[in-house]
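[1] Requesting a structural model of the entry that follows:
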Amino acid sequence: MQKKRVTLADVARLAGLSTTAASMILTGRPDTRLSADAHAKVHAAAASLGYRPNVAARALRTDKSRSIAFISDYVATTRFASGLIRGALAAAEEAKHVMLVLETGGEPARETQAVEAALDRQVDGLIFAAMRAREVFVPDLPINVPTIMLNGTSARFPVSVLPDEYRGGRRAVELLRDAGITEGVALLGHNADSEAGLFRSETIARRFAGIRDAMIANGMRFVAELSCWNWEPAHGYDLTRKLLRTKRPKALLCLNDRLAFGAYQALGEAGITVPEDIALVSFDNDELASYLRPGLTTIGLPHEEMGRKAVELMLGGIGAAQLVEMPVIERGSLPRR
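    Down below sits the predicted model:
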């Protein structure tokens, strides 16, 4: 037989107070005008009985369920962007909110189901999160709760939390300059001419813009720009081998750590040492960046801070879109001055 749920009336009866008084104490009303002894009795009774508030009933009274839905494509099932969910969970827990996590695999039908499931549970807000920054599909449903885009954008919901890719792009170039490398730099992963008219994402476009503006501001030019659409280790390896057949750059600016990983392999095979012969700087601070030897200097994606910021915006009444600074993770792939 299912155990009978302990009610607020049970707590009040054991404490010897009215249900109203017990409710005021347990919900943390700041001015109950009740004695410290009454507060102690109610909390002791609640602990003794194993009382748990009826969240559904409270939601009906307050129009708040103290829950947030976190809907993502692959954030919960991949290590790369897991910081987004860690930061969001930590902020929700601190605010005494429950977070409903729904994974969709990026499939529109599952995204629609996820939104419907969240709204059926009367969540106080929706956070749409993307593993990699992109335009996020939002189902065409009547969504009447606050909605924030995390690591993504949407024309329908303009408030987003994104990494400050423009400033991150500038910092990568400035790291090379500060290391005394102002010429002989090759860009790995993008060529503006061959990719003209192609769109990766709004955030990556900002990264490109930051790099270009910093190169101009510091009087620098790339000696080569090698394009590939998928920024994976195999492509970093192939592009670096191709580059070394015709040029010997002083540095590689890689557009993510996975390209840099492939570049390390090609440089090692060619007997080229990092950073003595060729320096590297990259983006993302993927876990593998710390395993390379020497460690890879990279501009990190602030995933945990972004997740936390999304929840704080949600609970604070939304406000404006936020750009979160990308930290510089200095390791050994740049020469010291």
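
[2] Sketch out the low-pLDDT regions of the stretch 51-200 of the chain for me.
    52-64 (pLDDT under 70).

[3] ok, now with 80
    Where the stretch 51-200 of the chain drops to pLDDT under 80, the residues are 51-65, 76-81, 134, 137, 140-142, 199-200.

[4] all helices for it, in order.
    In the stretch 51-200 of the chain, the segments counted as helices under DSSP state H, counting those that start in this stretch are 55-62, 82-94, 108-120, 165-178.

[5] Out of those, which gets nearest to residue 128?
    When these are compared by CB to CB, helix 108-120 sits nearest residue 128, at 8.5 Å. Glycine gets a C-beta too; all of them are placed from N, C-alpha and C.

[6] which of the residues in the closest one are buried?
    Neighbour-count burial for helix 108-120, counted by 16 or more other CB atoms under 10 Å, picks out 110-112, 114-115, 118-119.

[7] That one - contacts with which helices or strands?
    strand 67-72, strand 98-103 (3 or more CB pairs under 8 Å, 6 or more residues apart in numbering; DSSP states H and E).

[8] Single out the most deeply packed of those strands.
    Comparing these by mean neighbour count (mean count of other CB atoms under 10 Å), strand 67-72 ranks first with a mean of 25.

[9] Measure how far it is from the centre of its chain, please.
    14 Å (CA atoms, centre = their mean, to the nearest Å).

[10] From residue 228, how far off is residue 115?
    Distance of residue 115 to residue 228, given as CB to CB, to the nearest Å: 35 Å.

[11] again with residue 140
    From residue 140 across to residue 228, the span is 35 Å (CB to CB).

[12] For the two, work out which one has more neighbours and name it.
    More crowded of residue 140 and residue 228, by other CB atoms under 10 Å: residue 228, with 19 against 9.

[13] Surely residue 238 and residue 262 touch.
    Yes: counting by CB atoms under 8 Å, residue 238 does reach residue 262; the two are 7.4 Å apart.

[14] Neighbour count for those two, which is higher?
    Counted by other CB under 10 Å, residue 238 and residue 262 do not tie: residue 262 has more neighbours, with 23 against 16.

[15] and the host helix or strand of the more buried one, what other elements does it pack with?
    According to DSSP states H and E, residue 262 maps onto helix 257-269. Under the contact criterion of 3+ CB pairs under 8 Å, 6+ apart, helix 257-269 touches strand 185-189, helix 233-244, strand 251-254, strand 279-284.

[16] Give me the distance from the third one to the chain's centre.
    The one in question is strand 251-254. 25 Å.

[17] in its sheet, what does that strand sit against?
    Strand 251-254 has these partner strands in its sheet, going by DSSP bridges: strand 185-189 (parallel), strand 279-284 (parallel).

[18] what's residue 300 in contact with, if anything?
    284-285, 326-329 (CB atoms under 8 Å, 6 or more residues apart in numbering).

[19] go again using 7 Å as the cut-off
    Applying CB atoms under 7 Å, 6 or more residues apart in numbering, we find residue 300 in contact with 284-285, 326-327, 329.

[20] tell me the phi and psi of the closest residue to it other than its chain neighbours?
    Distances taken as CB to CB, 6 or more residues apart in numbering place residue 285 nearest to residue 300, at 3.3 Å, with adjacent residues excluded. Main-chain torsions, residue 285, degrees, to the nearest 10: phi 60, psi 50.

[21] ok, now how distant is residue 285 from residue 324?
    13 Å.

[22] before we move on, what about residue 154?
    Counting by CB to CB, the gap from residue 154 to residue 324 is 18 Å.

[23] now residue 300
    11 Å.

[24] And for residue 273?
    Remark: distance between residue 273 and residue 324 (CB to CB) = 35 Å.

[25] Return the alpha-carbon coordinates of whichever strand or helix holds residue 208 using PDB.
    In this structure, residue 208 sits in helix 202-217 according to DSSP H and E. Taking Å, rounded to 0.1, in the frame of the first residue of the first chain, the C-alpha atoms of helix 202-217 are listed here in PDB:
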ATOM      1  CA  GLU A 202      27.000  34.100 -36.300                       C
ATOM      2  CA  THR A 203      29.400  33.500 -33.400                       C
ATOM      3  CA  ILE A 204      32.200  32.000 -35.600                       C
ATOM      4  CA  ALA A 205      31.800  35.000 -37.900                       C
ATOM      5  CA  ARG A 206      32.600  37.200 -34.900                       C
ATOM      6  CA  ARG A 207      35.700  35.100 -34.200                       C
ATOM      7  CA  PHE A 208      36.800  35.700 -37.800                       C
ATOM      8  CA  ALA A 209      36.100  39.400 -37.500                       C
ATOM      9  CA  GLY A 210      38.200  39.700 -34.300                       C
ATOM     10  CA  ILE A 211      41.100  37.900 -35.900                       C
ATOM     11  CA  ARG A 212      41.000  40.100 -39.000                       C
ATOM     12  CA  ASP A 213      40.700  43.400 -37.100                       C
ATOM     13  CA  ALA A 214      43.600  42.500 -34.800                       C
ATOM     14  CA  MET A 215      45.800  41.500 -37.700                       C
ATOM     15  CA  ILE A 216      45.100  44.800 -39.400                       C
ATOM     16  CA  ALA A 217      45.600  46.800 -36.100                       C
END
